[in-house]
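**Q** with the input below, show me the fold.
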Amino acid sequence: MKHVFICGNPALDLACTLRARRTARVETLDTPDRLDAWYLESGITDSVSPCAETDLGRAVAVREAVYVLVTNRLAGDPYDSEALALVNETARTPSATPRLTVTGRWVEATPAQALSSVARHAIELLSGPDVPLMKECADPECTKIFVDRSRGGRREWCGMESCGNKRKAAAYRARKKSHAAATR
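**A** Next up is the predicted model:
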């Protein structure tokens with residue numbers, strides 16, 4: 001299973017690795033190997049030294065802290081102090097440094113450096129111009145938060161492949177059913 005990157009920011013994509021938070025929670029970072037894969041698939045790094053259980057635990061804690069801070073921001077609430085401290089502490093670790101090779105850009109990282117890069121993305125997002133563009137998916141079962149860069153800013157769904165198609169198909173079936181009932 002590959003990870004999904006539809007939120008518009010690596011920190012939001014990490015926060016959304018725990019899906020359906022309000023209903024049947026689905027954990028996608030359940031092993032250190034899955035975290036390794038997430039770092040590579042996200043583009044945070046091109047190569048990461050293997051994650052251990054402790055790295056996974058730290059990444060999950062940072063993920064939850066990012067989610068808390070983002071939801072605080074969306075609700076207009078003050079930031080949770082523990083979540084804020086954890087993200088800031090994680091961002092203090094030096095992040096991976098890209099280097100130029102004969103084949104192009106290459107980034108090698110330790111798990112701590114990769115997570116630091118994610119924490120820095122969270123800080124940039126929450127203190128930058130994209131804050132007004134953050135939205136939660138309109139699907140009540142989905143808890144993904146995304147940056148809406150759509151023309152007109154009217155995007156409702158985290159992604160059409162998942163939530164958008166599901167809701168539009170349900171609305172179509174409901175219209176068809178009510179039309180059929182009305183014509184009887």
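**Q** got a pLDDT number for the nearest residue to G159 once chain neighbours are set aside?
**A** In this structure, G159 finds its nearest non-sequential neighbour in I6, 4.3 Å apart by C-beta to C-beta, 6 or more residues apart in numbering. For every residue, glycine as well, the C-beta is placed using N, CA and C. We have a pLDDT of 87 for I6.
**Q** off-centre distance for the biggest helix by length in the chain?
**A** Longest helix in the chain by number of residues (criterion: DSSP state H): helix 53-75. What separates the centre of helix 53-75 from the centre of its chain is 10 Å, taken as C-alpha atoms, centre = their mean, to the nearest Å.
**Q** next: stretch 100-115.
**A** Centroid separation for stretch 100-115 versus its chain: 21 Å, with C-alpha atoms, centre = their mean.
**Q** how long is that stretch end to end?
**A** Distance between the two ends of stretch 100-115: 22 Å, counting by C-alpha to C-alpha, to the nearest Å.
**Q** now the angle from the helix or strand following the longest helix of the chain to helix 53-75?
**A** Reading on from helix 53-75 to the C-terminus, the next helix or strand found by DSSP states H and E is helix 81-92. Put simply, helix 81-92 runs at 120 degrees to helix 53-75, going by axes from the mean of the first three to the mean of the last three C-alpha atoms, to 10 degrees.
**Q** give me the residues contacting helix 81-92.
**A** 58, 61-62, 64-66, 68-69, 72, 115-116, 118-120, 122-123 (C-beta atoms under 8 Å, 6 or more residues apart in numbering).
**Q** hmm, try it at 7 Å
**A** 61-62, 65-66, 68-69, 115-116, 119-120, 122-123 (C-beta atoms under 7 Å, 6 or more residues apart in numbering).
**Q** and that helix, what's buried?
**A** Across helix 81-92, burial judged by 16 or more other C-beta atoms under 10 Å covers 83-84, 86-87, 90-91.
**Q** repeat that for stretch 64-75.
**A** For stretch 64-75, a neighbour-count test (16+ other C-beta under 10 Å) marks 64-73 as buried.
**Q** can I get it in CSV, CA atoms only?
**A** Presented in CSV, the C-alpha positions along stretch 64-75 are these (Å, rounded to 0.1, in the frame of the first residue of the first chain):
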residue,chain,number,x,y,z
GLU,A,64,-0.4,14.0,16.5
ALA,A,65,1.1,17.3,17.6
VAL,A,66,0.9,18.7,14.1
TYR,A,67,-2.7,17.6,13.9
VAL,A,68,-3.5,19.3,17.2
LEU,A,69,-1.9,22.5,16.1
VAL,A,70,-3.6,22.6,12.8
THR,A,71,-7.0,21.9,14.3
ASN,A,72,-6.3,24.6,16.9
ARG,A,73,-5.5,27.0,14.1
LEU,A,74,-8.6,26.1,12.1
ALA,A,75,-10.8,26.5,15.2
